[in-house]
Structure formats: C-alpha cells, structure tokens
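*Asks:* sequence and predicted structure are below.
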Amino acid sequence: MATMRNGANFGRRSGARRSEEWFERSDLDGFMHRSWLKSTGVTDETFRGRAVIGICNSWSELVNCNIHLRGLAESVKRGVLQAGGFPVEFPVMSLGESLMKPTTMLYRNQMAMDVEESIRAYPLDGVVLLTGCDKTNPASILGAASANIPAIVVTGGPMLNGHWRGRELGSCSDCWHYHEELRAGRITEDDFAEIENALSRSNGHCMTMGTASTMACVTEALGLTLPGGAAVPAVDSRRRQLAENAGRQIVDLVERDLKPSDILTEAAFENAIRALHAISGSTNAVLHLIAYAGRVGVDLPLQRFDDLCATTPWLVDLKPAGRFLMEDFYYAGGLPAVLTQISDLLHLDAVTVTGRTMGENIAGAQIVNPEVIRPFDDPLDRGGALVVLTGSLCPDGAVMKISAADPALLQHEGRAIVFDDIHDLAARVDDPELECDADSVMVLRNAGPVGGPGMPEWGHLPIPAKLLKQGVTDLVRISDARMSGTSYGAVVLHVAPESAIGGPLALVEDGDLIRLDVEGRSLDLFVDDAELEARRAAWEPPERPDARGYRKLHADHVLQANEGCDLDFLRGRSPVVTDAVTYL
C-alpha cells in the first residue's frame with residue numbers, strides 16, 4: 001500500500017498506477033485534473049498517492065434485484081478507505097429481467113460496452129463490480145475482462161425465501177408452477193393474488209438456482225469474488241461485511257497488479273463448468289461463459305460443457321430442479337462446500353481474487369446440511385445437470401437442462417406443433433381446438449439472438465391448457481430462445497443456427513416427426529431431403545423491425561448461441577489508456 005509522506009511528496013508502489021497519469025502530472029493537464037477533483041471537496045491527502053478504486057454500480061430503481069446496491073457501495077468504500085485507497089462510485093446501465101422488454105439479454109452487450117468504456121476512460125486503478133439481476137453480472141464481467149484492470153465482483157445476494165400457507169416459495173419457479181395450477185383450475189385468482197404478495201419479500205435477486213444465483217456461483221467458481229460470496233442473502237449483515245472485505249481486497253489486487261486475464265484461464269473456466277453441473281445451474285450460464293472466454297482469448301467450445309457433464313455429479317437440491325432455496329443453500333455451506341466435494345475434479349491451483357488459489361480458498365469447507373448439499377458419494381445424479389445436443393435440427397448445438405425435466409421425456413418421438421413467434425403462441429396455446437396430446441413436441445421459432453430480438457426467455461413454452469386439465473405436467477418443447485434459470489421442464493433451448501437466419505428450425509411444419517435422444521445427445525427432424533430443399537427454396541427471412549440504433553447494431557453483429565451471443569467486434573480486449581492527454 002502506498003504511504004503518505006510530508007508535504008506534497010507522495011509514496012508510490014514499484015510500478016506506476018494508471019491514475020498517476022492523471023493526478024501526478026506537473027503540466028496543465030495534471031493541474032486541471034486535480035483542480036476539478038478538488039471541486040468535490042477532497043484534498044490532496046484524500047487521493048494523491050493512493051489507488052483510485054472505481055465502484056461500478058448497476059443500482060437502479062427500475063431493477064428490484066439491484067435496488068439495495070447503493071448500501072453495498074458504502075460498505076465497499078469503507079473497505080477501500082481502510083486499505084488506503086480512494087473510492088469513487090459511478091453508475092452504469094442497469095438491466096432488470098422483470099421489467100425490461102423484450103429481454104435484458106438484448107442489452108447485455110450494451111451494458112458491457114458501458115462498463116468497459118467507463119473503466120477505460122477514467123483514472124481507475126482497480127474496480128469493484130456491484131451486480132445483482134442476472135445480466136448485470138455477466139455484462140459487468142465482460143466489460144471488466146476487456147478493460148483488464150484489477151477487478152473484483154460483489155453480487156447483491158438472493159432474496160429471503162418466500163412463504164405461503166406453510167409452503168416455501170421460490171421466484172420465479174413457483175410463478176410458473178402456480179400459473180399452471182391457475183390455468184388448470186386447481187387454484188383460484190384469490191390464491192394467485194396471495195402468492196403474488198408472498199413470493200418476493202426482501203431485496204435481492206431470485207432465491208432459486210435461477211440465472212442470477214447461478215451466475216453468482218459461477219463467478220465464485222471462476223475466482224472473481226470472495227469465497228462464500230455467492231449465497232449470502234441480500235439482507236444478511238454478512239453481505240455488507242463481504243462488500244467491505246472486497247473493498248480492502250481490491251486495493252491489494254492493484255498492488256499485485258492481478259488482472260482478470262490472470263484469473264480467467266482455461267482452468268478457471270473448467271472449474272466454473274464443473275460447478276455449474278454440480279449446482280444444477282441455469283442454461284444461461286453457458287452463453288455467458290462462452291462470451292467471457294471470447295473476451296480473454298480462451299477457446300471454450302460448446303461441446304466442452306457436455307464433455308465435463310458425465311464425470312461431474314449433481315449435488316445441490318435447489319429449485320427449479322430440486323426442493324430448497326438459496327437461503328437454505330447458504331446455511332448448508334454454500335458454494336465452498338460444493339467445491340470441496342468435487343475438489344478432485346477441480347484445478348485447485350487456479351488463481352483467484354484473494355491472491356490465493358482455489359484450493360486454498362475452499363480448504364476446510366464442510367457441508368452443514370446434507371439434504372441441501374449432497375456429499376460426492378451420495379449425489380442426486382452421478383452425471384451433471386446440462387447436456388449439449390446436436391443433430392439435423394440443431395447442427396451447431398442446443399442445450400437442455402435434464403435435471404429439471406421429466407425423465408420419461410429424455411428419449412422421445414413426437415409430432416411438431418409449430419408456433420411462428422411469441423404472438424402466435426400466445427394466441428393459440430390455450431385454444432381448445434389446438435391439435436395436441438401428451439406426445440406432441442411444441443416448437444417456437446423466431447426467438448433467437450436476431451429473431452427475438454435478443455434471445456428472450458420464451459423457451460419455457462406454456463403447456464396447452466387442455467393438456468394441463470388432463471393432468472399433463474411436462475412436454476418436449478424446442479426453440480431458439482432462452483428460458484429463465486428459474487424455469488423447468490423438458491425444454492430444448494439455444495437451437496443454433498436460429499430460425500431467423502435460416503437454421504433448420506425455420507423449416508419445421510406442423511406434423512413433422514422430431515426425435516429427442518438425450519443419451520445419444522441428438523435432436524433430429526425426420527423430413528426427407530427433397531422436401532426440406534423445397535421448403536428452403538420457399539423460405540424468406542422475417543423482416544427485421546429495427547432500422548436504427550443499438551438494436552440494429554445488435555442484429556447486424558450478434559453471434560449465435562453456440563458462440564455466446566457477444567457482438568462480433570467486442571471479442572478480445574484492448575490496452576487501457578495509460579497516457580492521459582486532455583485536449584483543451
């Protein structure tokens with residue numbers, strides 16, 4: 001840590017910090033930088049000779065998951081000051097899946113650009129990323145990975161468990177469940193209103209193992225946050241203590257010059273994939289991890305997720321695939337307890353933001369409640385939770401969360417019911433005349449990265465009401481969309497290439513035979529080649545609605561699901577500014 005000396009002389013570490021190019025210059029630029037900063041009420045003793053730490057805050061009143069992050073920022077500031085740094089909080093775009101339409105995934109890359117350029121343009125030596133809702137976490141990490149200055153993540157934490165009539169509720173897994181119960185006539189509108197008021201009862205993100213919880217766990221497994229940080233409930237005082245600790249630690253990372261590129265190695269990605277399988281995490285994590293890898297130059301093909309599946313046990317019994325919730329997971333030992341159980345499968349020498357290895361971080365972690373976190377020798381399943389499919393319907397791959405599906409549907413043949421888009425689905429799914437039965441395969445197209453636009457969470461297609469009333473609880477459903485990490489069912493997602501750019505999904509018609517074979521890792525359409533060629537000759541791409549702005553930029557440059565849905569020109573990183581020149 002740099003130390004103060006008498007008068008105007010300030011201590012330095014062995015290598016110059018970025019901020020010194022702004023604040024330690026003796027020319028007019030240095031004068032102006034210091035003068036403008038002093039207009040905020042600080043003195044030389046506050047910032048000169050100290051590491052300048054940005055607190056990148058995705059707080060917003062539009063994003064319920066992130067509304068408490070201003071308080072966490074204050075805790076981070078305390079830690080930075082304790083360690084001798086100078087904290088400066090700044091806002092970035094915030095993404096909230098509950099209110100933002102059509103989907104936050106459309107704007108993940110825009111927020112990543114905001115984060116990257118804010119870091120790049122300002123005199124920051126290190127950054128603490130405050131994240132909550134499921135896309136604010138990957139967007140922040142993508143931006144920090146490309147800017148590549150020392151960074152540490154503090155997630156906002158999950159909500160407390162919901163409660164209704166003696167039952168524990170999880171958002172939004174129980175949204176889907178009880179909405180089906182309502183549509184089937186098994187609960188009343190009054191019941192559903194009670195559930196609405198009982199489900200989300202504190203600050204924080206979804207408390208199921210949805211995408212936000214999954215990405216918090218994946219962030220910890222990558223080594224980008226402090227051990228145990230993924231599961232602490234948002235309103236638990238230990239969440240603020242963790243934030244304070246992160247504030248101290250980021251100053252140490254600056255002194256060590258330990259950057260995201262030092263942490264996000266091939267070994268770290270394999271640790272994260274192992275953790276993803278063990279926790280039965282969200283399929284969305286696949287997209288984000290592939291995008292991260294593209295930013296730091298690590299080769300991470302979609303197939304790698306399947307390669308690590310069979311040898312990674314499923315250990316965590318959380319909704320939507322299991323019974324419990326994140327609050328229970330924290331009390332049961334959290335992610336360190338899970339990682340200890342699969343330690344023989346991990347790269348324990350992987351470096352983390354603690355400055356120690358993954359092995360050192362998890363040493364001594366124990367399971368407190370073996371119902372929530374199963375031991376290695378008594379797993380929920382000896383294989384992992386997610387599989388990758390290929391075949392004539394998805395030449396570049398598709399993803400399925402088998403832990404959340406009816407096992408009877410993992411080998412299945414059925415006739416297609418095709419919905420051209422989400423509006424067609426909404427108009428017809430509950431039509432009593434819809435031709436469907438328990439063997440039907442529901443197909444939704446024009447819901448991918450280009451077609452959605454932005455690959456919305458439409459993949460958890462609602463089961464037709466007539467089948468719900470017959471007692472059907474699961475159907476095979478296929479789309480080029482995503483689904484919420486809180487969703488469940490025999491749902492095949494991320495079909496690539498997507499239908500809007502002419503993938504095979506665009507050619508499926510009602511009545512076509514589709515075969516899903518999870519054991520064989522295949523998804524195939526049984527239509528003869530001549531018929532498919534005739535359909536392709538008649539196919540026309542859907543009209544793109546956006547002729548300007550970010551949405552057009554997204555449609556023109558977004559990569560497909562098997563490549564992480566990043567924008568093609570954002571892959572990789574560029575050196576941050578080290579020579580701060582002011583053009584006066």
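*Replies:* Noted; the coordinates are in hand.

*Asks:* need the contact list for residue 475.
*Replies:* 409, 438, 440, 441, 442, 461, 463, 467, 489, 490 (C-beta atoms under 8 Å, 6 or more residues apart in numbering). Heads up, the C-betas are built off the backbone N, CA and C, glycines and all.

*Asks:* so what's the fourth one closest to, chain neighbours aside?
*Replies:* What that stands for is residue 441. residue 414 (4.1 Å; C-beta to C-beta, 6 or more residues apart in numbering).

*Asks:* can you tell me the SS state at the one you found?
*Replies:* strand (DSSP: H, G, I helix; E, B strand; the rest coil).

*Asks:* quick check: nearest residue in space to the residue nearest the centre of the chain, chain neighbours excluded?
*Replies:* Nearest to the geometric centre of the chain sits residue 215, at 4.4 Å (C-alpha atoms, centre = their mean). Among residues not flanking residue 215 along the chain, residue 137 sits closest, at 4.4 Å (C-beta to C-beta, 6+ apart).

*Asks:* which residues touch that neighbour?
*Replies:* So residue 137 contacts 131, 153, 155, 212, 215, 216, 219 (C-beta under 8 Å, 6+ apart).

*Asks:* doesn't residue 132 make contact with the fifth one?
*Replies:* This means residue 215. No: with contact defined as C-beta atoms under 8 Å, residue 215 does not reach residue 132; the gap is 10.1 Å.

*Asks:* mutual contacts of those two, please.
*Replies:* residue 155.

*Asks:* got the buried residues for the lowest-mean-pLDDT helix or strand in the chain?
*Replies:* Ranked by mean pLDDT, DSSP states H and E, the weakest helix or strand in the chain is helix 173-183, scoring a mean of 87. In terms of neighbour count (16 or more other C-beta atoms under 10 Å), helix 173-183 has its buried residues at 173, 174, 175, 176, 177, 178, 180, 181, 182, 183.

*Asks:* quick one on the thing from earlier: let me have the contacts of residue 137 in TSV, extended by secondary structure.
*Replies:* Formatted as TSV, the contacts of residue 137 follow (three-state DSSP):
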residue	secondary structure
131	strand
153	strand
155	strand
212	helix
215	helix
216	helix
219	helix
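
*Asks:* now render those residues as JSON lines, adding pLDDT.
*Replies:* As requested, the contacts of residue 137 are exported to JSON lines (pLDDT from 0 to 100):
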{"residue": "131", "pLDDT": "98"}
{"residue": "153", "pLDDT": "98"}
{"residue": "155", "pLDDT": "98"}
{"residue": "212", "pLDDT": "96"}
{"residue": "215", "pLDDT": "97"}
{"residue": "216", "pLDDT": "98"}
{"residue": "219", "pLDDT": "98"}
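
*Asks:* looking at those, point me to the pair that's furthest apart.
*Replies:* 153 and 212 (12.6 Å; C-beta to C-beta).

*Asks:* settle it for me: which of those two has more neighbours?
*Replies:* residue 212 (34 against 27; other C-beta atoms under 10 Å).

*Asks:* need the nearest residue in space to the more buried one, chain neighbours excluded.
*Replies:* Nearest non-adjacent residue to residue 212 (C-beta to C-beta, 6+ apart): residue 205, at 3.6 Å.

*Asks:* still on that earlier bit, JSON lines for the buried residues of helix 173-183, including distance to residue 380?
*Replies:* Putting those into JSON lines (distance: C-beta to C-beta, whole Å) gives the following:
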{"residue": "173", "distance to residue 380": "17"}
{"residue": "174", "distance to residue 380": "20"}
{"residue": "175", "distance to residue 380": "24"}
{"residue": "176", "distance to residue 380": "21"}
{"residue": "177", "distance to residue 380": "20"}
{"residue": "178", "distance to residue 380": "24"}
{"residue": "180", "distance to residue 380": "24"}
{"residue": "181", "distance to residue 380": "25"}
{"residue": "182", "distance to residue 380": "29"}
{"residue": "183", "distance to residue 380": "29"}
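
*Asks:* in terms of pLDDT, where does the residue nearest to residue 473 when sequence neighbours are not counted sit?
*Replies:* Excluding the flanking residues, the one nearest residue 473 by C-beta to C-beta, 6+ apart is residue 406, at 7.0 Å. Turning to residue 406, the model gives it a pLDDT of 95.

*Asks:* residue 406 - how many residues pack around it?
*Replies:* Neighbours of residue 406 (other C-beta under 10 Å): 16.

*Asks:* I'd guessed it sits against residue 491; true?
*Replies:* No: counting by C-beta under 8 Å, residue 406 stays clear of residue 491, with 10.8 Å between them.

*Asks:* show me what the biggest helix by length in the chain is packed against.
*Replies:* Counting by DSSP state H, the longest helix found in the chain is helix 237-256. Judged by 3 or more C-beta pairs under 8 Å, 6 or more residues apart in numbering; DSSP states H and E, helix 237-256 is in contact with strand 52-57, helix 69-82, strand 126-131, strand 151-155.
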